[in-house]
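Trainee: predicted coordinates and the sequence they were generated for:
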Amino acid sequence: MKTASATVRTLAVAGLCLACLCADTPAEYINDFEKTPLGKVPDEIMVLSGPFSVARIENNNLLELAGEPIDSYALLFGPAGAVGGEVSARISSASSGRRFPEFGIGCNDAGGYKLWVLPGQARIELRKGDTPKTSVPFRDWKSGAWIHLKLRVSQEGAAWKAQAKVWANGAAEPAQWTLAADDPQAPAPGRASLWGTPYSGQPIRYDDLRFTPLP
């Protein structure tokens, strides 16, 4: 029969083990910016470059990247140290004449996989770092409308796979992934990311950020 002290020790060890497991598992991250003061960026978000701030448009808080100056900008969000997982967001921007914005989401910090939407070329592209891996046509982008982006990085056997999809706001999420790239090496641990280049001089807006760890 266990003594009371032995039982306490057993429970303590079990609790410590559970805490270790939880510490090793990245937490889910969700942000719709409704609780962030206007003109600010949430404290847990790391802006790498760019004039990002929370704005209120049509009774909805969102994260806005100013349309000027024109350059390429990025930030990191979600838990640090994640290797695999799903990243998603809604993004909206507008064209100006023949000038179009470019924007995307990513994972595994700045050098990881990225899903880019390139409206001026009517396509979407999967990159690793700055290196394009694959692309497909995408003609559903409309100036000023919201679209959904989702990027998944997962281990399949000994290899890793990046998969991505994009769809118009109000449409059903595609059942199948649109883009995919295999990688024999595990990606470096890191945070999710947002990217934007406001070539049109119009702001790029982001909402409903989410990072979901994979089981």
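Mentor: Sure, I can see it. Residues are numbered from 1 along each chain as shown.
Trainee: confirm for me that S53 is in contact with N61.
Mentor: No - applying CB atoms under 8 Å as the test, S53 and N61 come out as separate, 10.9 Å apart. For glycine as for every other residue, the C-beta is placed from the backbone atoms N, C-alpha and C.
Trainee: what touches both of these two?
Mentor: L38 (CB atoms under 8 Å, 6 or more residues apart in numbering).
Trainee: name the helices or strands packed onto the helix or strand containing L115?
Mentor: Assigned by DSSP states H and E, L115 belongs to strand 113-118. For strand 113-118, the packing partners by 3 or more CB pairs under 8 Å, 6 or more residues apart in numbering; DSSP states H and E come out as strand 102-106, strand 123-128, strand 146-156, strand 159-168, strand 190-197.
Trainee: and the next element down the chain from the lowest-mean-pLDDT helix or strand in the chain?
Mentor: Across the helices and strands of the chain, mean pLDDT, DSSP states H and E gives its lowest value to helix 4-24, namely a mean of 40. Once the chain leaves helix 4-24, the next helix or strand it forms, by DSSP H and E, is strand 29-31.
Trainee: what lines up beside that next one in the sheet?
Mentor: Here strand 29-31 has these sheet partners by DSSP bridges: strand 204-212 (antiparallel).
Trainee: circling back: so for F77, which of the helices and strands packed on strand 113-118 sits nearest?
Mentor: Across these, F77 has its closest neighbour in strand 190-197 (5.4 Å, CB to CB).
Trainee: what lines up beside that closest one in the sheet?
Mentor: Short version: by DSSP bridges, strand 190-197 pairs with strand 73-82 (antiparallel), strand 102-106 (antiparallel).
Trainee: turn the helices and strands packed on strand 113-118 into JSON lines, columns for distance to T178.
Mentor: As requested, those are exported to JSON lines (distance: least, CB to CB, whole Å):
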{"stretch": "strand 102-106", "distance to T178": "14"}
{"stretch": "strand 123-128", "distance to T178": "7"}
{"stretch": "strand 146-156", "distance to T178": "10"}
{"stretch": "strand 159-168", "distance to T178": "5"}
{"stretch": "strand 190-197", "distance to T178": "18"}
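Trainee: hmm, Q202 and A66 touching each other?
Mentor: No - between A66 and Q202 there is no contact under CB under 8 Å: 9.5 Å.
Trainee: between these two, which one's more packed in?
Mentor: Q202 (21 against 18; other CB atoms under 10 Å).
Trainee: if I pick the more buried one, what's in contact with it?
Mentor: 67, 93-96, 101.
Trainee: let me know the pLDDT of it.
Mentor: Here, the pLDDT recorded for Q202 equals 98.
Trainee: likewise for the one 10 residues further on?
Mentor: Here, the pLDDT recorded for T212 equals 97.
Trainee: got it, and G106?
Mentor: 98.
Trainee: for it, list each beta-bridge partner.
Mentor: K114, S193.
Trainee: what is the burial count for it?
Mentor: So G106, with other CB under 10 Å, has 27 neighbours.
Trainee: low-confidence ranges, the protein, go.
Mentor: Counting by pLDDT under 70, the ranges of the chain that qualify are 1-25.
Trainee: fine by me, we can end here.
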